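Engineer: Here is a sequence together with a model predicted from it:
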Amino acid sequence: MTIKIIQGHNHTLGASRINVIIDVIRAFTVAHYAFIKGVQGIILAGTLDDAFRLKRQFPEFILAGEIQGLPIAGFDLDNSPVRLQNADLRGKFLIQKTTNGVKATLNSLNADHIFVTGFTNARTTAEFIKHKLLREDTAISIHLIASHPSGDDDLACAQYISGILQNSNRISADETIERIRKSEAAKKFYDPAKPDFLQEDIGLCTRELSSEFVMKVNYKDELPLIEKVQVQELNHE
Ligand SMILES: O=C(O)[C@H](CS(=O)(=O)O)OP(=O)(O)O
Ligand SMILES: [Mg+2]
């Protein structure tokens, strides 16, 4: 097994068997809570124009995301996992447009298996890869893509996942949480001069949840779509 950690969202990667794109603050934490709240799928939009074009094509889909962390005029949801809790998302599809996580994913589609995760689902995702995919192929290549170009939140989570994959416990969950809280990306959430950023978001981003699914990127009508896949189902792929 070869594990390579890449930081940023503008990369060009060679082919690999597995890509895991990590966005703790906040895109894939939002995605995880959205699936828990009953979302059916999340289509990824690389630009604002793409997002609005998709909305015209699928008017019933929900626009979610941010620019510079802030809500986007004309969008239904921003990028806050706390504010997401008030939305009724059962059976719905989201169109997600964010700065780091979504962009990094759209630049990481050259793999047989593509997963996205925040910290909330990191252990489930890593355990799934270890027990279901590594078992079949020991010479496997894995890219762990920490989507924030410089923040330590996604990098810490990538190292946490890497440790689980290699049974090394290189970094504990508590250390990972500590690094997420102290990361550059988290700073504005603790700044009283920036009330748009809720400190409680970081609370939700640093909670390990025991969900029985991973978030896997597939395609819907040639559009990259994150789907919730029960851990047992992937066993049969
Ligand atoms: O909204 C977020 O948390 C970030 C934007 S920024 O880095 O805080 O400006 O987007 P994401 O794609 O979720 O990292
Ligand atoms: Mg981020």
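Structural biologist: Cool, got the structure. Predicted model only: the values in this text are computed from it and were never measured. Ligands and ions are numbered 1, 2, ... in the order given.
Engineer: So what does the spatially most central residue of the chain have for phi and psi?
Structural biologist: Closest residue to the average C-alpha location of the chain: residue 28 at 2.7 Å, with Cα atoms, centre = their mean. Dihedral pair for residue 28: phi -90, psi -10, per degrees, to the nearest 10.
Engineer: need the contact list for residue 61.
Structural biologist: 43, 54, 55, 92, 93, 94, 95 (Cβ atoms under 8 Å, 6 or more residues apart in numbering). (C-beta placed from N, C-alpha, C; glycine too.)
Engineer: Mind checking which of those land in strands?
Structural biologist: Members of the contacts of residue 61 lying in strands (criterion: DSSP state E): 43, 93, 94, 95.
Engineer: How much space separates the residue lying closest to the second one once chain neighbours are set aside from ligand 1?
Structural biologist: Here the nearest residue to residue 93 in space, its sequence neighbours aside, is residue 61; by Cβ to Cβ, 6 or more residues apart in numbering that works out to 4.6 Å. The span separating residue 61 from ligand 1 equals 19 Å under the rule Cβ to the nearest ligand atom, to the nearest Å.
Engineer: The closest residue to the residue nearest to the centre of the chain other than its chain neighbours and residue 91: what is the separation?
Structural biologist: Once flanking residues are discounted, residue 28 sits nearest to residue 118: 4.2 Å by Cβ to Cβ, 6+ apart. As judged by Cβ to Cβ, to the nearest Å, residue 118 and residue 91 stand 23 Å apart.
Engineer: Between these two, point out the one with more neighbours.
Structural biologist: Neighbours were counted for residue 118 and for residue 91 using other Cβ atoms under 10 Å; residue 118 has more, 31 against 8.
Engineer: Contacts only, for that one.
Structural biologist: Contacts of residue 118 (Cβ under 8 Å, 6+ apart): 22, 23, 24, 25, 26, 27, 28, 29, 31, 32, 157, 205.
Engineer: Between which two of these is the distance greatest?
Structural biologist: Greatest spacing in the contacts of residue 118, by Cβ to Cβ: 31 and 157 (14.0 Å).
Engineer: give me the element the residue nearest to residue 200 when sequence neighbours are not counted is part of.
Structural biologist: Nearest residue to residue 200 in three dimensions, chain neighbours excluded: residue 82, at 4.7 Å (Cβ to Cβ, 6+ apart). Using DSSP states H and E, residue 82 sits within helix 81-84.
Engineer: lowest confidence element among the helices and strands of this protein?
Structural biologist: helix 231-234 (a mean of 72; mean pLDDT, DSSP states H and E).
Engineer: before we move on, back to that, so who does the residue nearest to the centre of the chain touch?
Structural biologist: Residue 28 neighbours (Cβ under 8 Å, 6+ apart): 21, 22, 101, 116, 117, 118, 121, 215.
Engineer: Next one: it from residue 119, what distance?
Structural biologist: Distance from residue 28 to residue 119, by Cβ to Cβ: 9 Å.
Engineer: that older thread, out of the contacts of residue 61, which are buried?
Structural biologist: Among these, those classed as buried by 16 or more other Cβ atoms under 10 Å are 43, 54, 55, 92, 93, 94, 95.
Engineer: Greatest separation within the residues you listed: which pair is it?
Structural biologist: 54 and 92 (13.8 Å).
Engineer: Past the longest helix seen in the chain, which element shows up next along the chain?
Structural biologist: In the chain, taking DSSP state H as the definition, the longest helix is helix 152-165. Going down the chain from helix 152-165, the next helix or strand is helix 173-181, by DSSP H and E.
Engineer: pLDDT on the helix or strand following that next one, on average?
Structural biologist: Following helix 173-181 in sequence order, the next helix or strand is helix 199-205 (DSSP H and E). Helix 199-205 shows a mean pLDDT of 98.
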